[in-house]
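Engineer: for reference, the sequence and a predicted model appear below.
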Amino acid sequence: MQGKGNIIVLGGDGFCGWPTSLRLSREGYNVTIVDNLSRRKIDVELGCQSLTPIETVENRLAAWREVSGRTIEFRNIDIARDYHELRTLLVELQPQTIIHFAEQRAAPYSMKSPKHKRYTVDNNINGTHNVLCALVDAGVDAHLVHLGTMGVYGYGTAGMSIPEGYLNVRVDIKGQEHEIEIPYPPHPGSIYHMTKTLDALLFYYYNKNDGVRITDLHQGVVWGTNTDETLMHPALINRFDYEGDYGTVLNRFLVEAAVGHPLTVYGTGGQTRAFIHIRDTVNCIVLAIQNPPARGERVKIFNQTTETHRVRDLAALVSRLTGAEVRTYINPRNESLENELVVHNEQFLALGLNPITLSEGLLAEVIEVASKYKDRCNLSKIIADSRWRRDIPLDREGTPVTVGTPPVAA
Ligand SMILES: NC(=O)c1ccc[n+]([C@@H]2O[C@H](COP(=O)([O-])OP(=O)(O)OC[C@H]3O[C@@H](n4cnc5c(N)ncnc54)[C@H](O)[C@@H]3O)[C@@H](O)[C@H]2O)c1
């Protein structure tokens, strides 16, 4: 073994996994990407593609070798199905850390049909369980870093700020009040989010029973596209999802502005969500790797997010910067129209994270990327046809909103 040790990045061909793999390789870790390329196949299924022209994995890795002089290995393994291959790889590499991005991660995709619901559950739960089971089976003592989501907490918080995974509650035991700490009650808002809450239970069990060292990162909505490493060569460009299923809210607005599509605000746009820039996703993961839980420590949970914003405020900001029209659409989701959100993220701050927050410069950087590749955009895919229930009407037209006035519920 050379360098800082072996790291396996599960899902390392994806939006968060690719820039993370490059950064870790640059930092001197020996990185092996495991990916079954299912995200690329879903593009084919949905009839669209990353806005940015991403290269094949082989070309990506060759470009990285060329600019960095470092090698990243790649294994095409489906972690939800190929248990034996996964276990064999763990034995072979004896990784010090495994980073687990390899899940179906779009809430709208998970709600499209029974087939998509079942795929998301089969893929995400079997994948996570196979990793945990293989670690114990193979006797490999690796730190597992998993990408979860802020959505596991739900967005109705009774006015309190969301702690990092655990909640102190007072209970009555034989007439005496006692304070105990419990995992924060899960409140998933989609099948996708539900798989993340089930992942958390798997982590709880394997940590308690087998002492697996685990960090679960409850990540906010990621925005941005470039990192220092993806900018080093055109073939290293990161993927950029903009369509209704995979395009997350701020990146979707920025592409919509670039291609002249109205900004698609669901419902009143009163949803408040937690956000993080892709560069900070990578920074946080490096910090999590460098600060593993001690042996015997419970599952470490971080809120991996740097700021919260209300959706209609983001639409107004993007509209002000670009002149884009804003429209409200009947919300395809079953969620509160309006919510407040206050989130604790002191643990990453204490480890030295210096948050990258929303700035016009960074928004302009994304708009520039979106404008450069706007001819690759399939406009017909911007409105999601996924709905949380069959009785929710599909709204393809929306209702124009005058920026500056709060949108009215659709
Ligand atoms: N993008 C966000 O805004 C965001 C926000 C919060 C949490 N997350 C979490 O971060 C993780 C990564 O998200 P992303 O945006 O990079 O998603 P992505 O879809 O771009 O990447 C996931 C990668 O995992 C691979 N994969 C999926 N199932 C696999 C399997 N069974 N075996 C092997 N590889 C498999 C896919 O091919 C893909 O390359 C996800 O778990 C997601 O839930 C993402």
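Structural biologist: Perfect, I can see it now.

Engineer: and Gln304, how far is that from Ile276?
Structural biologist: Relative to Ile276, Gln304 is positioned 6 Å away (Cβ to Cβ, to the nearest Å). Quick note: C-beta positions are derived from backbone N, CA and C, even for glycine.

Engineer: please enumerate the shared neighbours of those two.
Structural biologist: Gln219, Gly220, Cys284 (Cβ atoms under 8 Å, 6 or more residues apart in numbering).

Engineer: filter those down to the ones close to the ligand.
Structural biologist: Near the ligand, judged by Cβ under 6 Å from any ligand atom, the entries from those are Gln219.

Engineer: next step: the shared contacts of Gln304 and Ile276 restricted to helices.
Structural biologist: Cys284 (DSSP state H).

Engineer: so who does the single nearest residue of the chain relative to the ligand touch?
Structural biologist: Using Cβ to the nearest ligand atom, the closest approach of the chain to the ligand is made by Gly14 at 1.9 Å. Gly14 sits next to Asp35, Arg39, Phe101, Ala102, Arg105, Arg239 when contact means Cβ under 8 Å, 6+ apart.

Engineer: try 10 Å this time
Structural biologist: Going by Cβ atoms under 10 Å, 6 or more residues apart in numbering, Gly14 touches 20-21, 33, 35, 37-40, 101-103, 105, 147, 238-239, 241.

Engineer: ditto for Val140
Structural biologist: Arg87, Leu89, Leu90, Val91, Leu93, Gln94, Pro95, Gln96, Ile98, Ala134, Val212.

Engineer: selecting buried members of these in ChimeraX, what would you type?
Structural biologist: Those of these that count as buried under 16 or more other Cβ atoms under 10 Å are selected in ChimeraX with:
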select :87,89,90,93,95,96,98,134,212
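
Engineer: now tabulate the contacts of Val140 in TSV and tack on secondary structure and pLDDT.
Structural biologist: Converted to TSV, these look like this (DSSP: H, G, I helix; E, B strand; the rest coil; pLDDT from 0 to 100):
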residue	secondary structure	pLDDT
Arg87	helix	98
Leu89	helix	98
Leu90	helix	98
Val91	helix	98
Leu93	helix	98
Gln94	coil	98
Pro95	coil	98
Gln96	coil	98
Ile98	strand	98
Ala134	helix	98
Val212	coil	98
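
Engineer: export the contacts of Val140 to JSON lines and tack on distance to the ligand?
Structural biologist: Shown next, in JSON lines, are the contacts of Val140 (distance: Cβ to the nearest ligand atom, whole Å):
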{"residue": "Arg87", "distance to the ligand": "14"}
{"residue": "Leu89", "distance to the ligand": "12"}
{"residue": "Leu90", "distance to the ligand": "14"}
{"residue": "Val91", "distance to the ligand": "18"}
{"residue": "Leu93", "distance to the ligand": "16"}
{"residue": "Gln94", "distance to the ligand": "20"}
{"residue": "Pro95", "distance to the ligand": "16"}
{"residue": "Gln96", "distance to the ligand": "20"}
{"residue": "Ile98", "distance to the ligand": "12"}
{"residue": "Ala134", "distance to the ligand": "13"}
{"residue": "Val212", "distance to the ligand": "18"}
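
Engineer: nearest to Val249, of the contacts of Val140?
Structural biologist: Ile98 (29.4 Å; Cβ to Cβ).

Engineer: show me what that closest one is bridged to.
Structural biologist: Per DSSP bridges, the residues bridged to Ile98 are Ile8, Leu144.

Engineer: doesn't Val131 make contact with it?
Structural biologist: Yes: judged on Cβ atoms under 10 Å, Ile98 makes contact with Val131 at a distance of 6.6 Å.

Engineer: what touches both of those two?
Structural biologist: In contact with both Ile98 and Val131: Ile8, Leu10, Val34, Leu90, Ala142, Leu144, His146, using Cβ under 10 Å, 6+ apart.

Engineer: farthest pair in these?
Structural biologist: Among those, Leu90 and His146 lie farthest apart (Cβ to Cβ), at 15.7 Å.

Engineer: rounded mean pLDDT for stretch 123-131, please.
Structural biologist: Averaged over stretch 123-131, pLDDT sits at 98.

Engineer: any chance of the backbone angles for Thr308?
Structural biologist: For Thr308, the backbone dihedrals (degrees, to the nearest 10) come out as phi -120, psi 150.

Engineer: contact partners for it?
Structural biologist: Applying Cβ under 10 Å, 6+ apart, the residues near Thr308 are Met150, Ile162, Gly220, Val221, Thr272, Arg273, Ala274, Phe275, Glu340, Leu341, Val342, Val343.

Engineer: let's see it at 8 Å
Structural biologist: Gly220, Thr272, Arg273, Ala274, Phe275, Leu341, Val342, Val343.
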